[in-house]
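Peer 1: quick one: sequence plus predicted model below, questions after.
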Amino acid sequence: MDKRRCGWVGKEQIYIDYHDQEWGRPVRNDAQQFEFLILETFQAGLSWITVLRKRENFRKALDNFDYHKIAQYGEEKVQELMQNEGVIRNQLKVRATITNAQAFMRIQEEFGSFTDYIWGFVNHEPIDGKRKSLQDVPAKTELSDAISKDLKKRGFKFVGSTVVYAHMQATGLVNDHVTDCFCYVKK
């Protein structure tokens, strides 16, 4: 018998693996937080499957999402990325990645880690969405509005409330697996 999964999971193995092994699992280290945040910003306006298919290309092109290196990228690297067919070639998003790496490190300096900063919004415990169906899952919430506003104030780009909520879901700040999904963990 097939496992029950959230309704957004397609039939492609890459989607199934992402859902089963990563999505919604609490991420409590900065390197993973940064990777998810950058992938979410590139996803804005596109489908998540597009980003998943290009994820390995992004890893190679962005120095394995090393925010220390990305923060130092100059114009030459921007142009290199714009020529790379393996990634999403949106100049505003490419430049935002550099800006976001710099802002990410400023948050680390202020809070000790980005993880402490972002998890502080949920008192360091995942919010249980208790979603019965895909229709119950919002695109954004008052909390994602507040986090988005704070990130923008700190210099981040492409972090609107919908992107932030997707990040919260992906990194387990909110548990939005539907309640009959095998990945749903009841609090």
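Peer 2: Done, it's in. Numbering: from 1, shown residues only.

Peer 1: going by C-alpha atoms from here, please, whenever you check contacts or count neighbours.
Peer 2: Fine.

Peer 1: ok, longest helix in the protein?
Peer 2: helix 91-111 (DSSP state H).

Peer 1: what's the first helix or strand after the strand or helix carrying residue 52?
Peer 2: Of the helices and strands defined by DSSP states H and E, residue 52 is found in helix 48-61. Note on helix 48-61: by DSSP H and E, the next helix or strand toward the C-terminus is helix 67-70.

Peer 1: where along the chain do the helices fall?
Peer 2: 13-21, 30-43, 48-61, 67-70, 75-83, 91-111, 114-120, 142-153, 161-170.

Peer 1: what would those helices look like in a markdown table with mean neighbour count?
Peer 2: As requested, the helices of the chain are exported to a markdown table (neighbours: other Cα atoms under 10 Å):
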| stretch | mean neighbour count |
| --- | --- |
| helix 13-21 | 15 |
| helix 30-43 | 20 |
| helix 48-61 | 16 |
| helix 67-70 | 18 |
| helix 75-83 | 14 |
| helix 91-111 | 19 |
| helix 114-120 | 18 |
| helix 142-153 | 16 |
| helix 161-170 | 24 |
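
Peer 1: okay, the angle between the longest helix of the chain and helix 30-43?
Peer 2: 150 degrees (axes from the mean of the first three to the mean of the last three Cα atoms, to 10 degrees).

Peer 1: helices or strands next to helix 91-111 in the packing?
Peer 2: Counting contacts by 3 or more Cα pairs under 8 Å, 6 or more residues apart in numbering; DSSP states H and E, helix 91-111 packs against helix 30-43, helix 67-70, helix 75-83, helix 114-120.

Peer 1: give me the contact list for the helix holding residue 52.
Peer 2: Residues outside helix 48-61 that contact it (Cα atoms under 8 Å, 6 or more residues apart in numbering) are 14, 15, 39, 42, 43, 64, 65, 81, 86, 87, 88.

Peer 1: residue 177: which of these is nearest?
Peer 2: Within the contacts of helix 48-61, proximity to residue 177 (Cα to Cα) peaks at residue 15, which comes in at 14.3 Å.

Peer 1: grab the nearest non-local neighbour of the closest one.
Peer 2: residue 9 (6.1 Å; Cα to Cα, 6 or more residues apart in numbering).

Peer 1: and what of residue 137?
Peer 2: Closest to residue 137 by Cα to Cα, 6+ apart is residue 131, at 6.3 Å.

Peer 1: let me see the contact set for that neighbour.
Peer 2: 137, 176, 177, 178, 179.
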